[in-house]
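Novice: Predicted model and sequence below, questions to follow.
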Amino acid sequence: MISFNIRSAGYVVGRSVLKDLSGEIEDHKTTMIIGRSGGGKTTLILALTGILTNLLEGWVDGKIILKQLDPLDPEDFKIIPKIVGAVLQDPDKQISMPTPWDEISFVLENLGYPPEEIDRKVSQMLREAGLEHKAFHEIEKLSGGEKRRVTYAASVAHDPEIIILDEPTASVDPWGIKTLRDFVRRYRGEKTIVIIEHKPDYFIDYVDKIIRIENGMIKEVYKPSERDYLEKKFSEYDQDLSSVSKTVSNNKILETKDLVIGYDKPILKDISIELYEKEIIVITGANGSGKTTLMKTLIGWLKPFDGEIKIYGRPMRKRKDLLKTFFYISQQPDYMFLSNTVENELRSGRGLSEEILKMFPWRNILKENPYKISFGQRRWLSILLGLVYQRKILMIDEPSAGLDPDLYKDLVRFLMSLVDKYNISLIISTHDPRIIRDLAHRVYHIDHVKNKIVEIDKEKILKMMYEAAMS
């Protein structure tokens with residue numbers, strides 16, 4: 001049993017993120033926590049596990065009991081890692097070792113496992129996560145979804161009693177989501193599982209209770225008997241916006257011909273794609289198939305092995321020419337921040353600062369450090385910063401990661417307005433079928449078996465993704 005009675009809690013004394021929360025998370029039950037981005041879901045998990053007070057210099061006014069331990073007590077906190085496995089929202093902030101094998105081994109070594117047991121468990125977890133073929137690859141060269149699988153494997157390798165999954169489906173391909181669903185189904189009733197999720201339909205058939213948190217407070221608690229109501233409510237959240245702009249220009253802005261890309265060796269060949277002014281194309285494919293590698297090649301961070309990139313029909317052979325046309329917004333929003341407050345980041349806009357400032361939905365956190373706001377808020381901030389550089393093509397890697405359903409809809413309208421108002425073209429890499437449905441004019445799919453990228457019908461790829469995740 002996890003029980004909590006929190007009068008207030010936060011990261012900075014005097015600034016409460018959580019207020020008047022009390023409740024229980026029962027043993028061997030699966031509990032899902034939902035709510036808007038920045039509402040306090042992750043902060044609650046950090047408080048319950050003692051991370052907020054013991055590692056992040058935050059504070060909690062109240063009482064928490066986790067398996068008869070007090071996670072707020074530094075001595076009891078030392079025991080928590082033995083009984084809790086947590087997959088946090090941001091894999092880059094959780095991973096500390098150079099390869100997947102090292103990362104999982106590191107966790108087990110710190111918990112005192114003997115070497116032969118470590119080798120067996122690491123091999124097992126890599127196999128379950130579908131990463132055995134990348135056991136000794138550099139983690140920095142893995143995709144965002146693959147990094148998330150590494151954190152999943154490392155967090156549950158020691159067979160913890162309590163498993164916490166914070167936004168587990170963010171940046172994960174449909175096949176990875178199926179693995180996560182199978183994992184929850186396998187341990188449901190055996191372990192205590194807590195899931196924070198903005199796409200609750202992936203797990204609603206496995207949960208025993210749903211807690212909705214808004215503005216740092218528990219607003220509602222749903223029981224399994226209310227599942228029909230919840231499924232209807234979530235389907236309303238997921239309604240098709242059906243408003244993708246039709247005003248695509250006939251002017252071709254980008255063309256690649258027979259492009260061959262990779263890091264140390266080619267991973268994708270014969271890439272021939274096109275992009276027109278005011279067009280939105282979506283690139284999809286399995287984790288690690290080459291989507292991010294393609295974007296890094298287009299912006300000039302990686303040199304292609306062969307082929308050419310043309311802008312308005314003119315070959316681009318120098319990195320500076322590519323940088324004048326493209327701006328890349330990575331999966332990891334923190335890479336873009338330079339200032340100590342959200343407001344200072346937004347005011348760096350070279351004549352667009354006031355306009356950009358108005359596009360940020362959370363007026364109450366403008367004075368906060370951008371590194372300390374929620375992942376969804378950081379994601380939105382990073383996309384806004386892409387406007388600062390006023391490029392013709394914005395490339396956005398997983399734009400919807402960390403966004404609640406309402407903010408997702410706001411994001412769709414916002415991206416369409418960028419296309420219409422600023423005459424920007426978008427290249428979006430995503431595993432989120434909603435982005436394909438609501439935004440894509442055309443879709444390119446990476447077939448990782450044939451190492452080729454092909455244009456694919458929207459309905460066909462949506463059906464393929466749904467069947468892969470939910471089968």
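Specialist: Everything's here; your move. Note that the coordinates shown come from a computational prediction; the quantities given were computed from them, not determined experimentally.
Novice: what's the neighbour count on residue 122?
Specialist: The number of residues packed near residue 122 is 25, by other CB atoms under 10 Å. (C-beta placed from N, C-alpha, C; glycine too.)
Novice: Could you do residue 209 as well?
Specialist: 18.
Novice: For it, which non-adjacent residue is closest in space?
Specialist: Leaving aside its sequence neighbours, residue 209 sits nearest to residue 31 (CB to CB, 6 or more residues apart in numbering; 4.9 Å).
Novice: mind checking how far the residue lying closest to residue 334 once chain neighbours are set aside is from residue 178?
Specialist: In this structure, residue 334 finds its nearest non-sequential neighbour in residue 371, 6.2 Å apart by CB to CB, 6+ apart. Per CB to CB, to the nearest Å, residue 371 is found 33 Å from residue 178.
Novice: Tell me which of those two has more neighbours.
Specialist: Counting neighbours by other CB under 10 Å for residue 371 and for residue 178 shows that residue 178 has the greater number, 17 against 11.
Novice: buried ones in the longest helix along the chain?
Specialist: In the chain, ranked by residue count with DSSP state H as the criterion, the top helix is helix 405-422. Under the neighbour-count criterion of 16 or more other CB atoms under 10 Å, helix 405-422 has 405, 407, 408, 409, 411, 412, 414, 415, 416, 418, 419 buried.
Novice: just stretch 356-372 next, same as before
Specialist: So, applying 16+ other CB under 10 Å, buried residues of stretch 356-372: 356, 357, 359, 360, 361, 362, 365, 368, 370.
Novice: do stretch 260-279 as well
Specialist: 260-262, 267-271, 273-279.
Novice: quick one: average confidence on it?
Specialist: Taken as a whole, stretch 260-279 carries a mean pLDDT of 92.
Novice: okay, how far is it across that stretch, tip to tip?
Specialist: 24 Å (CA to CA, to the nearest Å).
Novice: ditto for stretch 19-36
Specialist: 16 Å.
Novice: one step back: what are the pairing partners of the strand or helix carrying the residue nearest to residue 209, and which direction each?
Specialist: Per DSSP states H and E, residue 31 falls inside strand 30-34. Take DSSP bridges as the rule and strand 30-34 pairs in its sheet with strand 192-196 (parallel), strand 209-214 (parallel).
Novice: any residues touching the last one, and which ones?
Specialist: Outside strand 209-214, the residues within contact range by CB atoms under 8 Å, 6 or more residues apart in numbering are 21, 23, 26, 29-36, 39-41, 44, 200, 204, 218-224, 230.
Novice: And those residues, which of them are buried?
Specialist: 21, 29-36, 39-41, 44, 200, 204, 218, 222, 230.
Novice: all strands for the stretch 351-471 of the chain, in order.
Specialist: Taking DSSP state E, counting those that start in this stretch as the criterion, the stretch 351-471 of the chain carries its strands at 393-397, 425-429, 442-447, 452-456.
Novice: pull the CA atoms of the first one into PDB?
Specialist: Extracted in PDB, the C-alpha atoms of strand 393-397 (Å, rounded to 0.1, in the frame of the first residue of the first chain):
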ATOM      1  CA  ILE A 393      11.300  24.600 -43.100                       C
ATOM      2  CA  LEU A 394      10.800  23.500 -39.500                       C
ATOM      3  CA  MET A 395      11.600  19.900 -38.700                       C
ATOM      4  CA  ILE A 396      10.000  18.700 -35.500                       C
ATOM      5  CA  ASP A 397      10.800  15.400 -33.900                       C
END
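Novice: how about the helices of the stretch 151-300 of the chain, start to end?
Specialist: 174-187, 227-237, 291-298 (DSSP state H, counting those that start in this stretch).
Novice: which stretch in the ones you listed is the model least sure about?
Specialist: Across the helices of the stretch 151-300 of the chain, helix 227-237 gives the lowest mean pLDDT, at a mean of 57.
Novice: how close does residue 185 sit to residue 303?
Specialist: In terms of CB to CB, residue 185 sits 44 Å off from residue 303.
Novice: Which residue ranges make up each domain of the chain?
Specialist: The chain breaks down into these domains under automatic domain parsing: 2-237, 252-325+391-470.
Novice: Just send the ones you listed back as TSV, with distance to residue 385 too.
Specialist: Shown next, in TSV, are the domains of the chain (distance: least, CB to CB, whole Å):
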stretch	distance to residue 385
domain 2-237	17
domain 252-325+391-470	11
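Novice: where do the strands sit along the stretch 51-200 of the chain?
Specialist: Counting by DSSP E, counting those that start in this stretch, the strands of the stretch 51-200 of the chain are 59-66, 84-87, 162-166, 192-196.
Novice: Mind putting the ones you listed into a markdown table with mean neighbour count?
Specialist: Below are these laid out as a markdown table (neighbours: other CB atoms under 10 Å):
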| stretch | mean neighbour count |
| --- | --- |
| strand 59-66 | 18 |
| strand 84-87 | 24 |
| strand 162-166 | 23 |
| strand 192-196 | 24 |
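Novice: Distance to residue 108 for those strands - can I get that in CSV?
Specialist: Converted to CSV, the strands of the stretch 51-200 of the chain look like this (distance: least, CB to CB, whole Å):
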stretch, distance to residue 108
strand 59-66, 22
strand 84-87, 12
strand 162-166, 16
strand 192-196, 21
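Novice: Dump these to CSV, plus mean pLDDT and distance to residue 104.
Specialist: Output for the strands of the stretch 51-200 of the chain, formatted as CSV (pLDDT from 0 to 100; distance: least, CB to CB, whole Å):
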stretch, mean pLDDT, distance to residue 104
strand 59-66, 96, 24
strand 84-87, 91, 12
strand 162-166, 94, 15
strand 192-196, 96, 20
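Novice: quick one, which of those is nearest to residue 153?
Specialist: Across these, residue 153 has its closest neighbour in strand 84-87 (9.4 Å, CB to CB).
Novice: Give me the distance from the closest one to the chain's centre.
Specialist: Relative to its chain's centre, strand 84-87 lies at 17 Å (CA atoms, centre = their mean, to the nearest Å).
Novice: And for stretch 40-59?
Specialist: Relative to the centre of its chain, stretch 40-59 is centred 20 Å away, using CA atoms, centre = their mean.
Novice: Show me which positions of that stretch end up buried.
Specialist: Neighbour-count burial for stretch 40-59 [16+ other CB under 10 Å]: 40-54, 58-59.
Novice: Okay, now stretch 50-58: how far is its last residue from its first?
Specialist: From its first residue to its last, stretch 50-58 covers 10 Å (CA to CA).
Novice: actually stretch 64-83, not the one I typed
Specialist: End to end - CA to CA - stretch 64-83 spans 16 Å.
Novice: Using a markdown table, lay out the buried residues of helix 405-422 together with pLDDT.
Specialist: As requested, those are exported to a markdown table (pLDDT from 0 to 100):
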| residue | pLDDT |
| --- | --- |
| 405 | 85 |
| 407 | 85 |
| 408 | 88 |
| 409 | 88 |
| 411 | 88 |
| 412 | 90 |
| 414 | 86 |
| 415 | 90 |
| 416 | 90 |
| 418 | 84 |
| 419 | 89 |
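Novice: The buried residues of stretch 356-372 in helices, which ones?
Specialist: Per DSSP H, the buried residues of stretch 356-372 map to helices at 356, 357.
Novice: Just give me the closest of the buried residues of stretch 356-372 to residue 159.
Specialist: The closest of these to residue 159 turns out to be residue 370 (CB to CB; 36.7 Å).
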